[in-house]
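S.K.: Predicted structure and sequence below. I'll ask about it afterward.
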Amino acid sequence: MEKVMFLPAIPSQPLPDSVRQTLYPLPREQWRDHDHFLTSDARPLLRNHASLKKQARQYHGARRTC
């Protein structure tokens, strides 16, 4: 007999402001200006992500640019 394991549903609620500000002290628009943004291997991953987004827009017929 197999045991079936049920996982409880995790509620999807926004973080309280105090917790969010502790985790993400800078607004998203200012991330690129931070000294430690995209160090090491993250920069090529971001480039690849942008390229994949552009390909997806072209594939789905969108006519806008990055």
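M.R.: Sure, I can see it. Numbers count the residues shown, from 1 in each chain.

S.K.: For this structure, give me the ranges with low pLDDT.
M.R.: 1, 38-43, 62-66 (pLDDT under 70).

S.K.: By residue count, which helix of the chain is the longest?
M.R.: Longest helix in the chain, counting residues (DSSP state H): helix 42-59.

S.K.: now that one: how far from the chain's centre is it?
M.R.: Relative to its chain's centre, helix 42-59 lies at 13 Å (C-alpha atoms, centre = their mean, to the nearest Å).

S.K.: Any buried residues in stretch 27-36, and which?
M.R.: Across stretch 27-36, burial judged by 16 or more other C-beta atoms under 10 Å covers no residue at all. Quick note: C-beta positions are derived from backbone N, CA and C, even for glycine.

S.K.: Could you work out the end-to-end span of that stretch for me?
M.R.: One end of stretch 27-36 to the other measures 15 Å (C-alpha to C-alpha, to the nearest Å).

S.K.: go on, stretch 30-46?
M.R.: 16 Å.

S.K.: Kindly report the same for stretch 25-35.
M.R.: Start-to-end, stretch 25-35 (C-alpha to C-alpha) is 14 Å.

S.K.: Ser18: what secondary structure?
M.R.: Here Ser18 is recorded as helix under DSSP: H, G, I helix; E, B strand; the rest coil.

S.K.: Can you tell me how far it is from Tyr59?
M.R.: Ser18 sits 42 Å away from Tyr59 when distances are taken as C-beta to C-beta, to the nearest Å.

S.K.: ditto for Ala50
M.R.: Separation of Ala50 from Tyr59 (C-beta to C-beta): 15 Å.

S.K.: who has more neighbours, the two?
M.R.: Set Ala50 next to Tyr59 and count neighbours by other C-beta atoms under 10 Å: Ala50 wins out with 11 against 8.

S.K.: and Lys54, how many neighbours?
M.R.: 14.

S.K.: Repeat that for Phe37.
M.R.: 13.

S.K.: what's around Lys53, how many residues?
M.R.: Neighbour count of Lys53, defined by other C-beta under 10 Å: 11.

S.K.: how close does it sit to Gly61?
M.R.: From Lys53 over to Gly61 (counting by C-beta to C-beta), the distance is 14 Å.

S.K.: Please consider this matter closed, and thank you.
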